[in-house]
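1. Attaching a predicted model along with its sequence, questions to come.
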Amino acid sequence: MRVSTLPNTRRVSNQLEPNTRRVSNQLEPNSRRGSNQLEPNTRRASNQLELNTRRVSRLCPIRGEYQDSDEYEASIKPVRAEFEARIKPVRAEYEAGIKLVRAEYEASIKPVRAEYEASIKPVRAEYEASIKPVRAEYEASIKPVRAEYEASIKPVRAEYEASIKPVRVEYEASIKPVSAEYEASIKTVPNTSETTTAARQRYRGAILASNFPVAKDDRLGW
């Protein structure tokens, strides 16, 4: 028996959509306001970073002028220290600014999230209650079908494994001396030699000649 969950799904979707749209509309101004507050701080920090970076770049000696890397590191160390000292307060100010914006955003969005969760909770509960008997009915109906399938496929699998076993053994026995010859030739002779090339061709030829016949059984779907 096929039981459609489409009406329940559509009803839940219709109830969710207005709530989602309302939350989205409340989130958007907060996000935009936070973005507007962040942008000047980010731009100002970026401008200060760029100036400092450009200044440090002018002060940094060219590595090629130094033969010794230790000498280069010693010369660049005070420049790096000055750069870090100048950039530290800029980073601290930026982090402080962003922290306040995030805190304000979280405070403003908290009641919106709480209201959304409270409104959606009964809808989810109703949906779960309505879908529970449908799932139970489906599981009960599919259980004997699965059992019947497993019982019917079991002897087919056993028959296939029994038929393929001697083929695998024969294949392994036929390929073993070829593999040994190939390994011996590749170990002692460079890859570019004619001997190795011939061994590779014989190895490939033996695999192709064996064809490794695998019985196809339509009952298994292979």
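-> Perfect, I can see it now.

2. going forward, measure contacts between C-alpha atoms and count neighbours the same way
-> Will do.

3. Glu104: neighbouring residues, count only.
-> Residues near Glu104, counting by other CA atoms under 10 Å, number 13.

4. next one: Glu93
-> Around Glu93 there are 13 residues (other CA under 10 Å).

5. Remind me which helix or strand it belongs to.
-> helix 69-188 (DSSP states H and E).

6. avg pLDDT for stretch 131-140?
-> Averaged across stretch 131-140, pLDDT comes to 89.

7. Okay, now the unreliable bits of this structure?
-> The chain contains residues with pLDDT under 70 at 1-69, 186-222.

8. if you set the cut-off to 90 instead, what comes out?
-> Counting by pLDDT under 90, the chain has low-confidence residues at 1-136, 138, 160-161, 163-222.

9. Domain map for it?
-> 6-155, 158-220 (automatic domain parsing).

10. ok so, going back, check which helices and strands the helix holding Glu93 sits against.
-> Other elements packing on helix 69-188 under the criterion 3 or more CA pairs under 8 Å, 6 or more residues apart in numbering; DSSP states H and E are helix 6-59, helix 194-210.

11. go again using 6 Å as the cut-off
-> Packing partners of helix 69-188 (3 or more CA pairs under 6 Å, 6 or more residues apart in numbering; DSSP states H and E): helix 194-210.

12. how close does Ala184 get to Lys165?
-> Counting by CA to CA, to the nearest Å, the separation of Ala184 from Lys165 is 29 Å.

13. Next: Tyr138.
-> Taking CA to CA as the measure, Tyr138 falls 39 Å from Lys165.

14. Tell me which of these two has more neighbours.
-> Tyr138 (14 against 11).

15. burial measure for Val79, as a count.
-> Quick note: Val79 (other CA under 10 Å) scores 17 neighbours.

16. nope, Val145 is what I was after
-> Other residues close to Val145 by other CA under 10 Å number 11.

17. How much space separates it from Ser152?
-> In terms of CA to CA, Val145 sits 11 Å off from Ser152.

18. do the same with Arg113
-> 53 Å.

19. cool, Arg102 as well?
-> Taking CA to CA as the measure, Arg102 falls 62 Å from Ser152.

20. Val169 too?
-> 28 Å.

21. Only the C-alpha atoms, please, for stretch 154-168, written as PDB.
-> Extracted C-alpha coordinates of stretch 154-168, given in PDB (Å, rounded to 0.1, in the frame of the first residue of the first chain):
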ATOM      1  CA  LYS A 154      21.300 -16.700  -1.200                       C
ATOM      2  CA  PRO A 155      21.600 -19.900  -3.300                       C
ATOM      3  CA  VAL A 156      22.400 -17.900  -6.400                       C
ATOM      4  CA  ARG A 157      25.300 -16.300  -4.600                       C
ATOM      5  CA  ALA A 158      26.500 -19.600  -3.300                       C
ATOM      6  CA  GLU A 159      26.300 -21.100  -6.800                       C
ATOM      7  CA  TYR A 160      28.200 -18.200  -8.300                       C
ATOM      8  CA  GLU A 161      31.000 -18.400  -5.600                       C
ATOM      9  CA  ALA A 162      31.300 -22.200  -6.200                       C
ATOM     10  CA  SER A 163      31.500 -21.800 -10.000                       C
ATOM     11  CA  ILE A 164      34.100 -18.900  -9.900                       C
ATOM     12  CA  LYS A 165      36.400 -20.500  -7.300                       C
ATOM     13  CA  PRO A 166      38.100 -23.000  -9.700                       C
ATOM     14  CA  VAL A 167      38.400 -20.200 -12.400                       C
ATOM     15  CA  ARG A 168      40.200 -18.000  -9.900                       C
END
